[in-house]
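> Requesting a structural model of the entry that follows:
(chains A, B, C and D)
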Protein chains: 2
Amino acid sequence: MRSVDAAPEEPTTDPTAGRGPLVPAPDGSTRGRILDVAMRRFARSGFGASVRAIAADAGVSPALVIHHFGSKDKLHAACDEYVLAWIRDVKRDSIGRAAGGNLLQVLSAADQYAPLVGYVLRSLQAGGAVGREFTEHMIADAEVYTSEAVRDGVVRPSRDEAARVRYLVYSALGAMLLSVTLDPPQDAEDVTAAMRRFMDELYLPMLELFTEGFLTTRRMLDDYLLYVPDPPGGAQAPTDGTPHDHEEEP
Amino acid sequence: MRSVDAAPEEPTTDPTAGRGPLVPAPDGSTRGRILDVAMRRFARSGFGASVRAIAADAGVSPALVIHHFGSKDKLHAACDEYVLAWIRDVKRDSIGRAAGGNLLQVLSAADQYAPLVGYVLRSLQAGGAVGREFTEHMIADAEVYTSEAVRDGVVRPSRDEAARVRYLVYSALGAMLLSVTLDPPQDAEDVTAAMRRFMDELYLPMLELFTEGFLTTRRMLDDYLLYVPDPPGGAQAPTDGTPHDHEEEP
DNA sequence: CAACAGACTAAACACGTGTTCAATCGGCGC
DNA sequence: GCGCCGATTGAACACGTGTTTAGTCTGTTG
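Predicted structure coming up:
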């Protein structure tokens, strides 16, 4: 019997409610519910969250979560799989609609993804498997998008496409991570709001940098290219042949 | 950023080679020794390191470190002060020599700073006071340097200088943090080596982006500038929260 | 019904943690 | 000598942790 004398919280239930799409409805099983609240608790409090806290969230005894998952580490691993599957779903769906572009934007756009985003950030912070895999996903996607954009002529080619993509993803992801780490939202559920705020504030400088650059002179780049053995890829970049509007201010 | 304007010789320059005054010599006192090893242990193992481990490193009993510092939290605070003072010293010294430029570069150049760098990274990771203050230092410095560079005509002006500086610092710091988090050096003492490797690998795309930009068309930037209330001109901060949420294009 | 299986729990176990306590040791002033 | 005080310690305390154990309950199957 699940009388559970004191279950003060767990207002977050109502699993199959008229929620938006793409939130995995936990099946009726207790195991599924534990998995769901564990993932949310990890997202909110970090992976140091105690088994007892998770059990309380789910309204069960600590022994039961061990009974179902074997150990806390295995529960952690199960949560990792859970959010990776969730991410795959979101990605597949966002490919369907023309949204395409940036997974980060899609995720931060809807509050329903707050636990997902929180979990990913926690994993990035801890150097966990989910963080690593998420980064690889983003790099792989960005590689496709940039190569298309280069082909279409809206993005400049690079002397080392792989390195550029890695740099861009690391910068974007790292800046975001640093921002929410140094200035965390008081209500831990508002991580998506914090991300939107971050984007709103820093979108202009990013756009400026991407279209106008930062330096006015090519000297640093040319000097670097001069004395450094050229990078691996055979991809050549414009030396002077491709004229750019770069030369003056509007 | 490595300044390449000089002759094409590898950075054997190493502005701090052969001298040691920039690593604070712990005074003879046991308390000083404990503080020093505690800071190093925190840098190597994170702030979850146990008092017992620190005591073992210092060759004393756990009770003694509590006796000298009152509690683990106070020891943590003392370590924060310790590394902040250290950073101030490094900065003051690096201003003396023409190195000037980037604190990150100076710090990652010399292995003697490995504990300092490690500690700062741990603090950034944990959202601690040192991380926050270090970021503010970097932003303040970058503001000075960029304004000088803009005045000298080697850097383009921005529509929002403060936001740009913040964006650049967050990107650089965040990318670095993410890199060492996702791919940590096995020997935790080699964090400076990992940073140098990171810089070597990603310096080209950064330089490319800074001098040539990323996009070939101004459309995105112009569109953004069109429908967004123009950002404060006089180095002002963004207006407030929720200024212009979702709009639809006409 | 009896028997088995699995969900579930209360209580305890084993361990690591930060911290405290009482007691030494060693030097310095009187 | 005495007395005092800080440095230093081994042992314990109080607590939180993940996990185990023994047991109860419920449902299903023969």
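
> what about the closest residue to A:Ser61 other than its chain neighbours, helix or strand, and which?
Spatial nearest neighbour of A:Ser61, excluding adjacent residues (CB to CB, 6 or more residues apart in numbering or on different chains): A:Ala55 at 5.9 Å. To be clear about C-beta, it is placed using only N, CA and C from the backbone, and glycine gets the same treatment. Element membership of A:Ala55, judged by DSSP states H and E, is helix A:51-58.

> Does anything pack onto that helix? Which helices or strands?
Contact partners of helix A:51-58 among helices and strands, from 3 or more CB pairs under 8 Å, 6 or more residues apart in numbering or on different chains; DSSP states H and E: helix A:30-45, helix A:62-69, helix A:72-96.

> Next, work out how far apart the residue nearest to A:Ser61 and DNA strand C are.
Remark: distance between A:Ala55 and DNA strand C (CB to the nearest atom of the strand, to the nearest Å) = 7 Å.

> In this model A:Val65 seems to touch that residue, though I could be wrong.
Yes - assessed by CB atoms under 8 Å, A:Ala55 is found in contact with A:Val65 at 5.3 Å.

> Between those two, tell me which one has more neighbours.
Just comparing A:Ala55 and A:Val65: by other CB atoms under 10 Å in any protein chain shown the higher neighbour count belongs to A:Val65, 25 against 20.

> who touches that one in this structure?
A:Ile34, A:Ala38, A:Val51, A:Ile54, A:Ala55, A:Ala58, A:Leu75 (CB atoms under 8 Å, 6 or more residues apart in numbering or on different chains).

> circling back to that earlier point, which of the helices and strands packed on helix A:51-58 is buried the deepest?
Greatest average neighbour count among the helices and strands packed on helix A:51-58 goes to helix A:30-45 (a mean of 22), per mean count of other CB atoms under 10 Å in any protein chain shown.

> Can you tell me the closest non-neighbouring residue to A:Gly127?
Among residues not flanking A:Gly127 along the chain, B:Thr181 sits closest, at 4.5 Å (CB to CB, 6+ apart).

> ok now do the closest residue to A:Val228 other than its chain neighbours, which residues does it touch?
Nearest residue to A:Val228, sequence neighbours excluded (CB to CB, 6+ apart): B:Leu204, at 7.7 Å. Applying CB under 8 Å, 6+ apart, we find B:Leu204 in contact with A:Arg159, A:Asp160, A:Ala163, A:Tyr224, A:Val228, A:Pro231.

> 7 Å instead, please
Shown in contact with B:Leu204 (CB atoms under 7 Å, 6 or more residues apart in numbering or on different chains): A:Arg159, A:Asp160, A:Ala163, A:Tyr224, A:Pro231.

> Verify the contact between A:Tyr167 and B:Met206 for me.
Yes - using CB atoms under 7 Å as the test, A:Tyr167 is close enough to B:Met206 to be in contact (6.1 Å).

> Close to DNA strand D: what parts of chain A are there?
Residues of chain A lying close to DNA strand D by CB under 7 Å from any atom of the strand are A:1, A:49-53, A:62-63, A:66-67, A:71-73.

> low-scoring pLDDT stretches of chain A, where are they?
Applying pLDDT under 70 to chain A picks out residues A:1-21, A:26, A:97-101, A:230-250.

> What ranges does it have for its helices?
Taking DSSP state H as the test, the helices found in chain A are A:30-45, A:51-58, A:62-69, A:72-96, A:103-109, A:114-126, A:129-152, A:161-182, A:191-212, A:219-227.

> can you tell which of the ones you listed is closest to B:Val83?
B:Val83 lies closest, by CB to CB, to one member of those: helix A:161-182, at 16.6 Å.

> contact partners of that closest one?
Here helix A:161-182 makes contact (CB under 7 Å, 6+ apart) with A:104, A:121, A:124-125, A:135, A:138-139, A:142-143, A:146-147, A:158, A:191, A:194-195, A:198, A:231, A:233, A:235, B:124, B:127, B:131-132, B:135, B:170-171, B:173-175, B:177-179, B:201-202, B:204-206, B:208.

> Quick check: PyMOL command selecting the buried ones in those.
Selection of buried members from the contacts of helix A:161-182 for PyMOL, criterion 16 or more other CB atoms under 10 Å in any protein chain shown:
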select buried, (chain A and resi 104+121+124+125+135+138+139+142+143+146+158+191+194+195+198+231) or (chain B and resi 124+131+135+170+171+173+174+175+177+178+179+201+202+204+205+206+208)
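
> Count the neighbours of A:Val165 for me.
Residues lying near A:Val165 (other CB under 10 Å) number 22.

> do you know how far it is from DNA strand C?
Using CB to the nearest atom of the strand, A:Val165 is found at 40 Å from DNA strand C.

> gap between that residue and DNA strand D?
In this view, A:Val165 and DNA strand D are 38 Å apart by CB to the nearest atom of the strand.

> if I look at that residue, how far off is A:Thr135?
Per CB to CB, to the nearest Å, A:Val165 is found 11 Å from A:Thr135.

> Give me the common contacts of the two.
The contact sets of A:Val165 and A:Thr135 do not overlap (CB under 7 Å, 6+ apart).

> re the thing from before, quick one: which of the contacts of B:Leu204 has the most company?
A:Arg159 (23 neighbours).

> quick one, phi psi at it?
phi -70, psi -20 (degrees, to the nearest 10).

> which residue sits closest to the residue in chain A that chain B sits nearest to, ignoring its sequence neighbours?
Of all residues in chain A, A:Gly174 sits closest to chain B, at 2.7 Å by CB to the nearest CB. Spatial nearest neighbour of A:Gly174, chain neighbours left out: B:Gly174 (2.7 Å); criterion: CB to CB, 6+ apart.

> swap in A:Lys91?
In space, and not counting its chain neighbours, A:Lys91 is closest to A:Leu103: 6.4 Å by CB to CB, 6+ apart.

> Contact partners for the one you found?
Contact partners of A:Leu103, counting by CB under 7 Å, 6+ apart, are A:Lys91, A:Ser94, A:Met138, A:Asp141.

> redo that, cut-off 8 Å
When contacts are counted by CB under 8 Å, 6+ apart, A:Leu103 touches A:Val90, A:Lys91, A:Ser94, A:His137, A:Met138, A:Asp141.

> would you turn those into a markdown table with distance to A:Leu84?
Output for the contacts of A:Leu103, formatted as a markdown table (distance: CB to CB, whole Å):
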| residue | distance to A:Leu84 |
| --- | --- |
| A:Val90 | 11 |
| A:Lys91 | 10 |
| A:Ser94 | 16 |
| A:His137 | 9 |
| A:Met138 | 13 |
| A:Asp141 | 15 |
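
> would you list those in JSON lines and tack on distance to DNA strand C?
Shown next, in JSON lines, are the contacts of A:Leu103 (distance: CB to the nearest atom of the strand, whole Å):
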{"residue": "A:Val90", "distance to DNA strand C": "29"}
{"residue": "A:Lys91", "distance to DNA strand C": "32"}
{"residue": "A:Ser94", "distance to DNA strand C": "34"}
{"residue": "A:His137", "distance to DNA strand C": "33"}
{"residue": "A:Met138", "distance to DNA strand C": "35"}
{"residue": "A:Asp141", "distance to DNA strand C": "38"}
